[in-house]
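Peer 1: I need the structure of the sequence given here:
(2 chains)
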Amino acid sequence: MKLFWKAHYYDGKTAERHEVELTVSPESLSVKGEGFAATWPLSETGQTQGFNKGEPVRLERGREAIVVDDPEFIRCLCEVAPGHRKRFAGPERTRKTLFIIPAALALTALIVAGVYFWAIPKSTAYAAQKVPPSVEDRLGQSMIKGITDAVPQCESPELAEAAETILKRLEAAAPGHPYEFRVYALESPAVNALAAPGGHIVLFSGLIESMETPEELAGVMAHEMQHILLKHSTQSMLRELSTGLLLAAAFGDFNGISSAAGTLGSLSYSREFEDEADRLGADLLVESGTDPQGLITFFERLWECECKKKKSRAETLLSYLSTHPSTLARIESLKAHLETRPATEKFEPLLPETDWEKVKSSCSQIETEKEHSEQGKAG
Amino acid sequence: MRISCPECRFEKDIDPQTLKFQTTTATCPKCSHKFHISKPEPEKKEERTVPLEANAMKENAAGKGTAVQAPGAKVIPLPGAKPRQPAPAQKVSFHGKSLTLLRLYVVSNLLSVLTLGVYHFWGKVKIRKYLYGSTEIFGERLSFSGTGKELFLGWLKAMLIIAVVLSVPNALASFVHPAFGLLIIPIMFALLPAVLVGAWRYKLSRTHWHGASFSFSGTAKEFMKIHIKGTLLSLVTLGLYGPYFHAEKERFWRGNSNFGTGSFSYDGKAGDIRKDFLKAWLLTIPTLGLCWLWYSAKVARYDWQHTNFGSLRFSFDATGRQLFSFLAGNMLLLFLSFGLAYPWVVVRGINYFSRHMAMKGEIDFAGIAHAPQSAKAVGEGLAGVLDIDVAM
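Peer 2: The predicted structure follows:
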């Protein structure tokens, strides 16, 4: 073992580098250079570099620093001064530590998956039950405001009346809930409907136009009502929030990734939420005396469009599919669910005195009328 | 061997054996001019085989020689010696390994997940310490002295500041008039210079090298002026103010950066890059914006060429093509590995920089005093929260 170690010394006053020789004793380090000598007590000496292979050992004491190029120095230091062994460490053996990479990766993936698929759904389902309806309503209102600010509302009185009638009938079948349901019709070609927490249901005019009977509309509305009654929208908001936090913790990124994850799944539900809303929505329809076939017919039409992709309407329908996945599977499970119910129920026709064709096109009519009048003004 | 003073031509014979180093500083007894002398070629003992590092060793010895005034330096120079050699170009060398870096990242991520993200700051420090400790300039490694605790506290303070800053226009918007919500734009605009300066000051103040630490003497107020003036004029001139804005910014960033008591300086002029800027500006549409890569490579070369530290001059020689293949390679690596190759991208980045970077001249280390700067980590925290990257 070497007795003298070549090193560089910095006095903490200037950037000048002094060549020195080090000698190690059990309690201290003696530093000798040209016209210079000092003793560093090991208890005051800290190591800041030399933990990795090829990195020189850097010892610091206050502002002073000593750099030793020879990695063997640390081993000598630990042998000579066993009392201070804990303060110093040489480079870890590379081969020994490399297995940590797959192990830590697998463990991280396991924890993240466990949290994502188990802890988050469980805890958000529990937390959502604790969120009071008034808070949900406020949340929903701010979400709705965001949408209605961007998309114009459809002002058709026929549609509003039809939606109100359907809503009343469905609500009568679901007594004892704390929500006040409100339906918003928006002028947008998207074949889509949304449910915001607290009882807000958004229907897009593209969706209404694609429906052939009021029962279909009742089906979609029952489905969205169940999302609200089952607190799905509140749960998925909480899920997004906690998923964002999880990703932030995993990747150490408190901005980029988490905000991206937040926008990824805005207002989209997991498959199980959709299935639950489908089944209970169908039950709600049956209990209110409405033919649940309307919901199935609507899904089947969606499925047809899905098959005839690349046709003009398919593109607009895609927006519905993206937030409501795998239509065919849903039709199957919905049919299977309805078969389990006794088939003796009688269904009352919905809106028997209303001209559905007129209702369903009332939004676009207003739109075209507006365009005409605007053109007239311009002319 | 015979050496001569380049100033007064005074010459003397000395024994090379008395020279302790490859290169050392001699002081002329007649005019007390300081200059470098080297041992004759066959005497050279190659301590390392890599020529770059050998150069670095020589330079260290030179620096040391000046400082300690070793007996060899007390030589009396005599006439007829060989003229002073031009100083060899210094390179930055990086010794980091991507796999080690990957290990640091992976372990840091695991511990972050287990601690709900708190460990992230300590992991960041570990990674930074590794990267700094693997970077060698003039034979001396950089070192990072930041701590996880200060980064964590800085982040907490930054979150608090952001929360307050965002809540004021929000409250005004909901209680007074929705138009107050637009206040967020000027607030963020005004906050940005403070964040950038704070983050850069923190990073420099925690960087140590060769017995001294770096520091930054520019103020947020100063940069705010440059930033506001530059942004407004760029808007008015459809971006044509760009080169002037660039030169002012570089003068601010580089000119206010210090190593110990020594200061960097920048003498670039907008007039020199104006033509290239105009060319890139006109070619934006036909080249789909790619011409800006060539422009930024050229400007990087120009900026380093006009950066000095005392008598030390810098040069950076990456071409637009090299920058393009560097960036494209990074994107490809990240894309094909689903982000797992990030450590390789980091190492590639440092290697790209050090491969193209060279320094010529000497640093008078004895004349540089250690001047530590106490900077808070809030700037770094704010930059992190706002997702702004302040890189070396």
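Peer 1: for the stretch 1-150 of chain A, which residues are neighbours of chain B?
Peer 2: A:8, A:10-19, A:33-34, A:48-49, A:52-56, A:58, A:63, A:65, A:67, A:94, A:97-98, A:100-101, A:104-105, A:107-108, A:111-112 (Cβ under 8 Å from any Cβ of the partner chain). Using the backbone N, CA and C atoms, a C-beta is placed for each residue, glycine as well.
Peer 1: those in helices, which ones?
Peer 2: A:94, A:97-98, A:100-101, A:104-105, A:107-108, A:111-112 (DSSP state H).
Peer 1: pLDDT-wise, what's the bottom of those residues?
Peer 2: Ranked by pLDDT, those bottom out at residue A:94, which scores 58.
Peer 1: where does the prediction get shaky in chain A?
Peer 2: A:1, A:93-96, A:249-269, A:306-326, A:342-345, A:364-379 (pLDDT under 70).
Peer 1: how close does the residue in it that chain B sits nearest to get to residue B:259?
Peer 2: At 3.1 Å from chain B, residue A:10 is the closest residue in chain A, using Cβ to the nearest Cβ. According to Cβ to Cβ, to the nearest Å, residue A:10 stands 13 Å off from residue B:259.
Peer 1: same deal with residue A:242?
Peer 2: Distance, residue A:242 to residue B:259, by Cβ to Cβ: 46 Å.
Peer 1: lowest-confidence helix or strand of chain B?
Peer 2: helix B:51-68 (a mean of 42; mean pLDDT, DSSP states H and E).
Peer 1: related to what we said a few turns ago, please identify which of residue A:242 and residue B:259 sits among more neighbours.
Peer 2: When residue A:242 is set against residue B:259 and neighbours are counted by other Cβ atoms under 10 Å in any protein chain shown, the residue ahead is residue B:259, at 25 against 18.
Peer 1: got the confidence number for the more buried one?
Peer 2: The predicted structure scores residue B:259 at 95 on the pLDDT scale.
Peer 1: please verify my assumption that residue B:350 contacts residue B:93.
Peer 2: No: Residue B:350 is beyond contact range of residue B:93, at 10.0 Å (criterion: Cβ atoms under 8 Å).
Peer 1: what touches both of those two?
Peer 2: residue B:135 (Cβ atoms under 8 Å, 6 or more residues apart in numbering or on different chains).
Peer 1: just to revisit the earlier point, nearest residue to the residue of chain A closest to chain B in space, please, no chain neighbours.
Peer 2: residue B:211 (3.1 Å; Cβ to Cβ, 6 or more residues apart in numbering or on different chains).
Peer 1: and the nearest residue to residue B:306 once chain neighbours are set aside, what element?
Peer 2: Counting by Cβ to Cβ, 6+ apart, residue B:268 is the residue found nearest to residue B:306 once chain neighbours are left out, at 3.9 Å. Using DSSP states H and E, residue B:268 falls within no helix or strand.
Peer 1: wait, isn't residue B:268 in contact with residue B:247?
Peer 2: Yes: between residue B:268 and residue B:247 there is a contact under Cβ under 8 Å: 5.3 Å.
Peer 1: the residue in the stretch 151-300 of chain B that chain A sits nearest to: how many residues sit nearby?
Peer 2: Using Cβ to the nearest Cβ, the single residue of the stretch 151-300 of chain B nearest to chain A is residue B:211, 3.1 Å away. If you count neighbours by other Cβ under 10 Å, residue B:211 ends up with 26.
Peer 1: list the residues that contact it.
Peer 2: Taking Cβ under 8 Å, 6+ apart as the test, what residue B:211 contacts is A:10-12, A:14-17, A:65, B:365, B:370.
Peer 1: any shared contact partners between residue A:10 and residue B:259?
Peer 2: Listed as contacting both residue A:10 and residue B:259 by Cβ under 8 Å, 6+ apart are residue B:212.
Peer 1: contacts for stretch A:157-171, please.
Peer 2: Identification of contacts with stretch A:157-171 by Cβ under 8 Å, 6+ apart yields A:181, A:183, A:185, A:203, A:208, A:214, A:217-218, A:221-222, A:225, A:284-285, A:288-290, A:350-351, A:354, A:356, A:358-360, A:362-363.
Peer 1: now stretch B:112-127
Peer 2: With Cβ under 8 Å, 6+ apart, stretch B:112-127 has contacts from A:108, A:111-112, A:245-246, A:248-250, A:252, A:254, B:101, B:104-105, B:107-109, B:111, B:144, B:146-149, B:151-152, B:155.
Peer 1: show me which residues of that stretch are buried.
Peer 2: Within stretch B:112-127, the residues that count as buried by 16 or more other Cβ atoms under 10 Å in any protein chain shown are B:112-113, B:117, B:119-127.
Peer 1: any chance of the ones in helices among the residues of the stretch 1-150 of chain A next to chain B in TSV with neighbour count and distance to residue B:201 as columns?
Peer 2: Shown next, in TSV, are these (neighbours: other Cβ atoms under 10 Å in any protein chain shown; distance: Cβ to Cβ, whole Å):
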residue	neighbour count	distance to residue B:201
A:94	13	36
A:97	15	35
A:98	15	37
A:100	17	35
A:101	18	35
A:104	19	34
A:105	17	36
A:107	17	38
A:108	20	34
A:111	17	37
A:112	19	36
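Peer 1: now those as CSV including distance to residue B:280?
Peer 2: Formatted as CSV, those follow (distance: Cβ to Cβ, whole Å):
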residue, distance to residue B:280
A:94, 45
A:97, 47
A:98, 45
A:100, 46
A:101, 42
A:104, 45
A:105, 42
A:107, 48
A:108, 43
A:111, 48
A:112, 43
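Peer 1: count of residues packed around residue 156?
Peer 2: No chain was given, so I picked chain A. 24.
Peer 1: oops, I was thinking of chain B
Peer 2: 14.
Peer 1: with residue B:268 instead?
Peer 2: Neighbour count for residue B:268, taken as other Cβ under 10 Å: 21.
Peer 1: host element of residue A:124?
Peer 2: Residue A:124 belongs to helix A:120-130, assigned by DSSP H and E.
Peer 1: which residue, other than its chain neighbours, is closest to residue A:228?
Peer 2: Per Cβ to Cβ, 6+ apart, closest to residue A:228 is residue A:195, 5.1 Å.
Peer 1: likewise for residue A:138?
Peer 2: Spatial nearest neighbour of residue A:138, chain neighbours left out: residue A:198 (7.2 Å); criterion: Cβ to Cβ, 6+ apart.
Peer 1: the one you found belongs to a helix, doesn't it?
Peer 2: No: checked against DSSP: H, G, I helix; E, B strand; the rest coil, residue A:198 lies outside a helix; its state is coil.
Peer 1: I'd say it and residue A:142 touch.
Peer 2: No: applying Cβ under 8 Å as the test, residue A:198 and residue A:142 come out as separate, 10.1 Å apart.
Peer 1: higher neighbour count, the two?
Peer 2: Neighbour comparison, residue A:198 and residue A:142: the larger count goes to residue A:198, with 27 against 11 (by other Cβ under 10 Å).
Peer 1: what residues does that one make contact with?
Peer 2: Contacts of residue A:198 (Cβ under 8 Å, 6+ apart): A:133-134, A:136-141, A:179, A:228.
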